[in-house]
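Participant: turn this into a structure:
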Amino acid sequence: MRRSTPDRILAERYFPVRVRIAVPAGGFGRQLDEMYGWLNLHAGRGRFSIQAAPNDLGVDAAYFYFADIRLAQAFVERFACGLAVITRLPPADRA
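Facilitator: This is a model prediction of the structure:
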């Protein structure tokens with residue numbers, strides 16, 4: 001049986017910008033719907049990805065992947081995410 005590539009790995013290959021955002025204690029709640037709406041409007045469907053981040057820092061978090069760093073910055077500013085580490089990932093080997 002062949003396993004498909006996990007979505008997080010695909011997102012890291014396709015999107016060069018990754019933002020890690022801590023999940024609030026009660027979860028994102030309705031704000032997640034607002035985030036999806038904003039992302040669909042400003043980035044467009046298929047031009048972003050949201051994946052669970054490993055809990056290696058002792059806090060639940062999510063990765064938001066973007067094709068453009070300006071869009072990532074606008075997202076962080078719009079949703080007042082506080083301190084965010086924006087990472088420009090190296091281009092993935094698409095072979």
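Participant: gap between Ala43 and Ala53?
Facilitator: 19 Å (C-beta to C-beta, to the nearest Å). Bear in mind the C-beta positions are built from the backbone N, C-alpha and C, glycine included.
Participant: how about Pro6?
Facilitator: 13 Å.
Participant: the two: which has the busier surroundings?
Facilitator: The residue with more neighbours, out of Pro6 and Ala53, is Ala53; 19 against 10, by other C-beta atoms under 10 Å.
Participant: could you give the bridge partners of the nearest residue to the more buried one once chain neighbours are set aside?
Facilitator: Nearest non-adjacent residue to Ala53, counting by C-beta to C-beta, 6 or more residues apart in numbering: Ala61, 4.0 Å away. Beta-bridge partners recorded for Ala61 (DSSP bridges): Ala22.
Participant: so in this structure, which helix runs the longest?
Facilitator: Assignment by DSSP state H gives helix 30-42 as the longest helix of the chain.
Participant: show me what counts as buried in it.
Facilitator: Residues 35, 39 are the ones in helix 30-42 that count as buried (16 or more other C-beta atoms under 10 Å).
Participant: how deep is Leu71 tucked in, by neighbour count?
Facilitator: With other C-beta under 10 Å as criterion, Leu71 counts 18.
Participant: can you classify it as helix, strand or coil?
Facilitator: helix (DSSP: H, G, I helix; E, B strand; the rest coil).
Participant: strands along this structure, start to end?
Facilitator: 17-22, 48-52, 61-66, 85-88 (DSSP state E).
Participant: dump those strands to JSON lines, plus distance to Val76, mean pLDDT and mean neighbour count.
Facilitator: Converted to JSON lines, those look like this (distance: least, C-beta to C-beta, whole Å; pLDDT from 0 to 100; neighbours: other C-beta atoms under 10 Å):
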{"stretch": "strand 17-22", "distance to Val76": "6", "mean pLDDT": "90", "mean neighbour count": "19"}
{"stretch": "strand 48-52", "distance to Val76": "13", "mean pLDDT": "94", "mean neighbour count": "18"}
{"stretch": "strand 61-66", "distance to Val76": "9", "mean pLDDT": "94", "mean neighbour count": "21"}
{"stretch": "strand 85-88", "distance to Val76": "7", "mean pLDDT": "58", "mean neighbour count": "12"}
